[in-house]
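Undergrad: Can you look at this prediction? I've put the sequence above it.
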2 protein chains.
Amino acid sequence: MKNGQATIKDIARELKISFSTVSRALKDYPGISEETKRKVKEMAIKLNYRPNAIALSLRKNRSFNIAVIVPEVVHFFFSTVISGIEEIAKKRGYNVILTQTNEKLDKEKSSIEAMLSNQIDGFLISYSKETTEFSHFENIIDQGFPIIFFDRIPDIPNSINVKVDDFEGAYNAVSHLISQGYENIAHLTGPKNLKISQERERGYREALANHGMPIREEMILECPMGTNEEGKRLALSMLDQLNPRPDAFFANNDMAAVGVMMACRDSGYRIPEEIGIVGFSNWQFCTMLEPGLTSVSQPGIQMGKKATELLLDIIEKKVELDTIPNSITLNTELFIRKSSMRLHKKS
Amino acid sequence: MKNGQATIKDIARELKISFSTVSRALKDYPGISEETKRKVKEMAIKLNYRPNAIALSLRKNRSFNIAVIVPEVVHFFFSTVISGIEEIAKKRGYNVILTQTNEKLDKEKSSIEAMLSNQIDGFLISYSKETTEFSHFENIIDQGFPIIFFDRIPDIPNSINVKVDDFEGAYNAVSHLISQGYENIAHLTGPKNLKISQERERGYREALANHGMPIREEMILECPMGTNEEGKRLALSMLDQLNPRPDAFFANNDMAAVGVMMACRDSGYRIPEEIGIVGFSNWQFCTMLEPGLTSVSQPGIQMGKKATELLLDIIEKKVELDTIPNSITLNTELFIRKSSMRLHKKS
DNA sequence: TTGTAGGCGTTATCAC
DNA sequence: GTGATAACGCCTACAA
C-alpha cells in the first residue's frame, strides 16, 4: 500500500469545506448542493482519490474478503472451483484470499488462524486429506463465522455443504461398465477417510449389487495418493495376482485411471476390448489420451459459484440461516469415451 | 468478519488496567512487569483475543495483502506459479488476493482498480492476451506501487520482471529436433503480441539458421488460442498443403502440440518415425500421453517464489530499488520423450 | 511500570 | 446544506 494517497481530508482541504461534506458528496447523499457535489467529484478525480477499503472495513466491521482454503492449487478440479469462486466474488465486490494446505492438517489450522486475524467475512473450505477431526472448524463456526464446505464434507452437524453426488456418479460409471459387458470390475478407491471416497465406493458396491454381480473384496484397493504411479502399481498387482483377473477398472480419480492405462499398455492388454477403464473428475486430458478416457465429470466451476453465492447470501443476510439447505448436491455427468466402449455403441 | 470479537479494550476492562498496557504486554514490550504480562496473556487466551489486522493495516498503512493477477486460474502453468506465490507469501506473513482476467483487458483494468482501493501492498501480474498497451500499469507504478511482472513481460522501461528464457527453451527444442534428423520443422506460434511468443519464435528461427537450415515462412503459423482444436486444424492444413510437408512440429504450447498429435493420428502419420513433436510448458499430461510428449519445462513454482520474494523484499525495503535486477530469467529444461526420439538415443 | 491522548480514513449522529 | 465530533481497534509518543 502506497502512502501519499489522497484522502477525503485532502479533498476537503483543497476545497475548504469539511470532510464530512466531502464524504456525503461522494456518496450522493441527499441534502448536498449539486454545485458542491460537482466540485468534490472533480477534485476527487484530480487528486486521484480512492476510497480506503481498510478504513471502511474497520468502520463497518466487514472486510469484503473471503478466505478460500484448498488442499492444492495445482489440481485441475480445485483450480476450476477457485475459478468459479473468483468469478462470483468479484462480481459481488468481494476479494478472494487464497490459501493452500498442501494436504497438511497443521497448515490448515495455521491458515485458519491467520484468516481469523484478517477479519475475513467468511470461509470456503475443502479440507486436507490429513484432517480426520473437525474441532478447528467447529470452533470458528461457534464464533459465528460463516463457512461453506465444498467437495470434501466434514462430519459436523449443521455444516453447510456443496458437493457433487459422488454416489450417483460412481453408480452410473459402474453401471455403464456393466452394460458394456465387463464382469470383473475392480475399484481403486481414494483415501478412506474422505467421504467422497466412501460415497464413490458405495456407488460402486451398490451398482454391482443391483445388477446381481458379486462384490469381490480383493478387487477393491485403496489408492490414497491418487497418482498414476500408484494406480499403475496397484493395477499391475491385481492383473498379476487375481483370478479371474479384472476386466475393468473404476478409479476414484483420473490420474489413477491413467496409471491403469499405463499398466494395461505395459502388460499388453487392449483397451477397451480386454480391459475397460473409467476415471473420475473428467480432467482436461481425458480427451487427449488415446484411447479417450471415460470419466465422471464434476462441475467444479458450478460448485465454486454455488458455494460462493451461498456464502455471500449468508454474509449479507439475504437468507435466513434456518431457511438455507444444509447441503447442495450437484449432479455429475458421465462422459463416455473409447476407454470403456467395448460395444461401440454410439453415444 | 464476525463482531463480538474480543479487543484489547475488553482485556483491559476485565483486568482493570489501561488498554495501552495491554497492547504493550501482548507485544512483550520492555518495561512491563512479568506479572502484568502473564495476566494479560492469560486473559487474551481466555477471551479468545485475536489482533485485528484491519486496524493494524489502517494504522501502519500496510495491509500485508498482495494482489496476484493472472489470465486464468484453470491453467496448469499459472496454477503452479500461484502455488509458489502462495507458499512464500504465507511464509512471510502476507495474504494472497487472487484475481483472474480471463484474458480480458477490461477485467484486468477493473481488477487493478479494485486492488488499489484495497490498499494492496504490491502486485504480481501476468497480463492478458488482449493487453497491447500498458499505461494502466505505468499509472500504478508512477503512484509508487511495487509491481513484479511474471512470464508475460510488458514493454515498460524499468519494469521488474521474472521470466523464463523462452528463447533458449525454443532454441534447445528445435536444436534437439534437428539433431534427431528432422528437416522440415514447422512452428505453431503463440499470440504474436506476447513477448514470450516472439522469443520462442526467435529461438526457432535462430536454431534453424545456426544449423544452416532454411526458414520457410509458410511453415510458421500463428496459433493464438493455443487449444488442441486449433493446433490440430493448423497441423492438418500444413500436412495437406505444404510440399515438402513438415516432418516435425515445434508448438508454442503443449495443448497445441497435442492437437498436432491428433492430426498425425488422423492422417496416419507415425510419431516419432514420420513426424516429431515438441511442445512447451511440460504440463502434467505430457508423461501420460502415448507417445510421451517432449516438452520444454517452465519452472512455474520457482517463478512464483522468486517473484514473490522479490516483491516482498521491495515492500519491506530490504533491497534498494536501484540495486535490484531489472529482470530475473529462469532456465528452462527440455524433457525429451518419445514424441521426438526418432533416433532412440538413450536419455 | 502504567496511563492519556492523538491519529490512521471513514461514516453516522448530532447540531447549526 | 454544511460542519463538528465520536467511533471502529490499534499503536505510540508523552506524561505521570
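TA: Great, that's in hand.

Undergrad: Any idea what A:E222 is bridged to?
TA: Beta-bridge partners for A:E222, by DSSP bridges, are A:T189.

Undergrad: In CSV, list the C-alpha atoms belonging to stretch A:271-285.
TA: Provided in CSV are the C-alpha atoms of stretch A:271-285 (Å, rounded to 0.1, in the frame of the first residue of the first chain):
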residue,chain,number,x,y,z
ILE,A,271,-8.3,-51.1,-24.1
PRO,A,272,-11.3,-51.3,-24.2
GLU,A,273,-11.5,-54.8,-25.8
GLU,A,274,-9.8,-56.6,-23.0
ILE,A,275,-10.0,-54.1,-20.2
GLY,A,276,-12.4,-51.2,-19.7
ILE,A,277,-11.4,-48.1,-17.7
VAL,A,278,-13.4,-45.3,-16.1
GLY,A,279,-12.0,-42.4,-14.1
PHE,A,280,-13.4,-39.7,-12.0
SER,A,281,-13.2,-35.9,-12.5
ASN,A,282,-13.1,-35.6,-16.2
TRP,A,283,-9.9,-33.7,-16.3
GLN,A,284,-8.9,-31.8,-19.4
PHE,A,285,-6.5,-34.5,-20.5
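
Undergrad: List the buried residues for it?
TA: A:271-272, A:275-285 (16 or more other C-beta atoms under 10 Å in any protein chain shown). Placement of C-beta: from N, CA and C, glycine included.

Undergrad: try stretch A:150-159
TA: In stretch A:150-159, counting by 16+ other C-beta under 10 Å, buried: A:150-154, A:159.

Undergrad: Could you work out the end-to-end span of that stretch for me?
TA: 11 Å (C-alpha to C-alpha, to the nearest Å).

Undergrad: quick one: that stretch near chain B?
TA: No. On the criterion C-beta under 8 Å from any C-beta of the partner chain, stretch A:150-159 is out of touch with chain B, staying 15.3 Å away.

Undergrad: which SSE is the residue nearest to A:S18 when sequence neighbours are not counted in?
TA: Excluding the flanking residues, the one nearest A:S18 by C-beta to C-beta, 6 or more residues apart in numbering or on different chains is A:A12, at 6.0 Å. Using DSSP states H and E, A:A12 sits within helix A:8-15.

Undergrad: which residues in the stretch 101-250 of chain A form strands?
TA: Under the criterion DSSP state E, counting those that start in this stretch, the stretch 101-250 of chain A contains strands at A:122-125, A:147-150, A:160-164, A:185-189, A:220-222, A:248-251.

Undergrad: Take those strands and lay them out in TSV including mean pLDDT and distance to DNA strand C.
TA: Below are the strands of the stretch 101-250 of chain A laid out as TSV (pLDDT from 0 to 100; distance: least, C-beta to the nearest atom of the strand, whole Å):
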stretch	mean pLDDT	distance to DNA strand C
strand A:122-125	98	21
strand A:147-150	98	27
strand A:160-164	97	29
strand A:185-189	98	53
strand A:220-222	97	54
strand A:248-251	98	53
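
Undergrad: Please identify the most buried of the ones you listed.
TA: Greatest average neighbour count among the strands of the stretch 101-250 of chain A goes to strand A:248-251 (a mean of 32), per mean count of other C-beta atoms under 10 Å in any protein chain shown.

Undergrad: who does it touch, helix- and strand-wise?
TA: Here strand A:248-251 touches helix A:166-179, strand A:185-189, helix A:254-267, strand A:276-281, going by 3 or more C-beta pairs under 8 Å, 6 or more residues apart in numbering or on different chains; DSSP states H and E.

Undergrad: Pull up the pairing partners for whichever helix or strand comes after the last one, direction included.
TA: Think strand A:276-281. Downstream of strand A:276-281, the first helix or strand assigned by DSSP H and E is strand A:294-297. Its sheet considered, strand A:294-297 pairs with strand A:276-281 (parallel), strand A:333-335 (antiparallel) by DSSP bridges.

Undergrad: got the residues of the stretch 51-200 of chain A near chain B?
TA: Counting by C-beta under 8 Å from any C-beta, the stretch 51-200 of chain A comes close to chain B at A:51-55, A:57-58, A:61-63, A:65, A:72-76, A:79-80, A:82-83, A:86, A:90, A:95-100, A:111, A:114, A:116-121, A:143-145.

Undergrad: same deal with the stretch 201-347 of chain A?
TA: Residues of the stretch 201-347 of chain A lying close to chain B by C-beta under 8 Å from any C-beta are A:228, A:258, A:261-262, A:265, A:284-285, A:287-290.

Undergrad: Who are the contact partners of the residue of the stretch 151-300 of chain A found nearest chain B?
TA: Distances between the stretch 151-300 of chain A and chain B by C-beta to the nearest C-beta are smallest at A:F285, namely 3.9 Å. Contact analysis of A:F285 by C-beta atoms under 8 Å, 6 or more residues apart in numbering or on different chains lists A:254, A:258, A:293, B:284-285, B:288-289.

Undergrad: follow-up on the earlier one: redo the strands of the stretch 101-250 of chain A as a markdown table? Include distance to DNA strand D.
TA: Below are the strands of the stretch 101-250 of chain A laid out as a markdown table (distance: least, C-beta to the nearest atom of the strand, whole Å):
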| stretch | distance to DNA strand D |
| --- | --- |
| strand A:122-125 | 18 |
| strand A:147-150 | 21 |
| strand A:160-164 | 26 |
| strand A:185-189 | 46 |
| strand A:220-222 | 46 |
| strand A:248-251 | 49 |
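
Undergrad: now, of the helices and strands packed on strand A:248-251, which is deepest in the fold?
TA: Most buried of the helices and strands packed on strand A:248-251 by mean neighbour count (mean count of other C-beta under 10 Å) is strand A:276-281; its value is a mean of 29.

Undergrad: per-residue confidence averaged over it?
TA: In this model, strand A:276-281 carries a mean pLDDT of 98.

Undergrad: quick one: that strand to strand A:185-189, angle?
TA: If you take axes from the mean of the first three to the mean of the last three C-alpha atoms, to 10 degrees, strand A:276-281 sits at 30 degrees to strand A:185-189.

Undergrad: and chain A, which residues reach DNA strand D?
TA: Where chain A comes near DNA strand D, counting by C-beta under 7 Å from any atom of the strand, the residues are A:16-21, A:24, A:31-33, A:35-36, A:55, A:58-59, A:61.

Undergrad: mind redoing it with 6 Å?
TA: A:17-18, A:20-21, A:31-33, A:36, A:58-59 (C-beta under 6 Å from any atom of the strand).

Undergrad: In the stretch 101-250 of chain A, what residue lies closest to DNA strand C?
TA: When scored by C-beta to the nearest atom of the strand, the stretch 101-250 of chain A has A:Q119 as its residue closest to DNA strand C, at 13.2 Å.
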